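Enquirer: would you be able to build a 3D model of this:
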Amino acid sequence: MNETIQLPLLREKFFRRERRSVPAARRFAYEALDGWGLAGTEVGDDALLCVSELATNALVHGVPPGRHFLVFLRCDGRVLRVEVHDSGPGVPRIVDDRDEGGRGLLLVAALSDKWGVAERELGKVVWCEFACGRPAG
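Expert: Numbering: from 1, shown residues only. Reported below is the predicted structural model:
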């Protein structure tokens, strides 16, 4: 029996600590999603918005001067995973109503099926996942 093994689709790119990196990260994600047939879908639109929010958070709170952040996208046909890696300290959290600004993670939590924060040797990874509804293979 011949069985085709479908590998997950991966894209990753580093971005500098500068304002124009957020729209560049969004364009990068759009190109990946477009190639995977997800651009223009609800999942794709939600993922793009989350890329913008997570890249903005990394830029503002997580990337020390002279460092970069990494946007990593993975799709196995069932789940689309978005990760933003940075080298800054601290653990992102959803703010309460008394805090000013910082509602990006609230948006990520509302749009994604799951989200979280993982430690790295230096810094952290903030991730979110979306069900694609498309079987692998």
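
Enquirer: make it CA atoms for all contacts and neighbour counts henceforth
Expert: Noted.

Enquirer: okay, the residue nearest the centre of the chain and R103: tell me how far apart.
Expert: The residue lying closest to the centre of the chain (Cα atoms, centre = their mean) is V82, at 3.2 Å. Distance, V82 to R103, by Cα to Cα, to the nearest Å: 18 Å.

Enquirer: find the nearest non-adjacent residue to the residue nearest to the centre of the chain, please.
Expert: L73 (4.8 Å; Cα to Cα, 6 or more residues apart in numbering).

Enquirer: which helix or strand contains the one you found?
Expert: strand 68-75 (DSSP states H and E).

Enquirer: what's the burial count for D113?
Expert: Residues within reach of D113, counting by other Cα atoms under 10 Å, total 12.

Enquirer: pretty sure it is in contact with A131, am I right?
Expert: Yes. Counting by Cα atoms under 8 Å, A131 is a contact partner of D113 at 6.9 Å.

Enquirer: quick one: the strands in the chain?
Expert: Using DSSP state E, the strands of the chain run over 9-16, 68-75, 79-86, 114-119, 124-131.

Enquirer: the ones you listed: which one's closest to D45?
Expert: Between D45 and the strands of the chain, the tightest spacing by Cα to Cα is seen for strand 124-131, at 10.9 Å.

Enquirer: enumerate the positions of that closest one that are buried.
Expert: Residues of strand 124-131 classed as buried: K124, V125, V126, W127, C128, E129, F130 (neighbour count, 16 or more other Cα atoms under 10 Å).

Enquirer: could you report the neighbour count for the closest residue to the third one other than its chain neighbours?
Expert: So the one you mean is V126. Leaving aside its chain neighbours, V126 sits nearest to V117 (4.5 Å; criterion: Cα to Cα, 6+ apart). A count of nearby residues for V117, using other Cα under 10 Å, gives 16.

Enquirer: OK, contacts around V117?
Expert: Contact analysis of V117 by Cα atoms under 8 Å, 6 or more residues apart in numbering lists V91, P92, K124, V125, V126, W127.

Enquirer: kindly state the pLDDT recorded for the third one?
Expert: Yep, that's K124 we're talking about. K124 carries a pLDDT score of 94 in this model.
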